[in-house]
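# Need the 3D shape of this:
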Amino acid sequence: MEERITELVLDESKWLTAAMLSALVAVGVILGRRRRASPSRRVVIFGAMNLFYGCTLGVMSCGHILAVSVKLAQGTLQGSPWILFPLGLALAVPSWWLAIRAARLANGEEERWRKGAAALNAWLGIYLLALGLHNGPLAVPAALDIAYLFHSRRAVGWTILTVTVVANLALFIGSLVFLASGQTFEEFSRAY
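Numbering: from 1, shown residues only. Below you'll find the predicted structure:
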């Protein structure tokens, strides 16, 4: 049983799918609560977008930290833990901070929270791109969250939301294809 759990933790093909499903559940729970609190539609959408993105990256970064820990304990870690742990933490902390703050939007704190949300999204998007252009699809939602935050026309807001849903759906489908391939990330990225 322990070997199976270790195998699941180290299987990178499962993390994005699990992260996105977890984020979807979190958004569903928060939306269920927000209907009773009845904040503005813009606040609900903004919070849901940020919560989904924060949870997705938060689960993935915790998966990275867990995998590094397991490989370090097994003695199979390739690379320095002094680099790999901070890489994961630099993504985990702002991701969960974004998710937690987005969940608090039900209290109507949007104006006070705008700069913080923009800064967290910018950090996450830039950081992911700095780690490699192959992370571009994971950085796109950060740009869309920032764009939604500063839009001023209803049609533009709905367009940004639609593009966000389509981008996340494409990312989820890609994660399912990766999951079904049974390949490592390097093998999968070379094939596509």
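# can you tell me which helix in the protein is longest?
Determined from DSSP state H, the single longest helix within the chain is helix 41-74.
# for that one, what is the average pLDDT?
For helix 41-74, mean pLDDT rounds to 90.
# Then stretch 92-103?
In this model, stretch 92-103 has an average pLDDT of 92.
# Please list the residues outside that stretch that contact it.
Under the contact criterion CB atoms under 8 Å, 6 or more residues apart in numbering, stretch 92-103 has outside partners 26, 30, 46-51, 53-58, 61-62, 64-65, 113, 116-117, 120-121, 123-124, 127. Yep, even glycine has a C-beta here, placed from its N, CA and C like the rest.
# swap the cut-off to 6 Å and go again
Stretch 92-103 has contacts (CB atoms under 6 Å, 6 or more residues apart in numbering) with 30, 47, 50-51, 54-55, 57-58, 61-62, 120, 123-124.
# out of the residues you listed, which are buried?
Buried positions within the contacts of stretch 92-103, assessed by neighbour count (16 or more other CB atoms under 10 Å), are 30, 47, 50-51, 54-55, 57-58, 61-62, 120, 123-124.
# Could you save those as TSV and add columns showing distance to Thr76?
Supplementary listing: those in TSV, determined by distance: CB to CB, whole Å:
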residue	distance to Thr76
Ile30	38
Gly47	40
Asn50	36
Leu51	35
Gly54	30
Cys55	29
Leu57	25
Gly58	25
Ser61	20
Cys62	20
Leu120	33
Trp123	31
Leu124	29
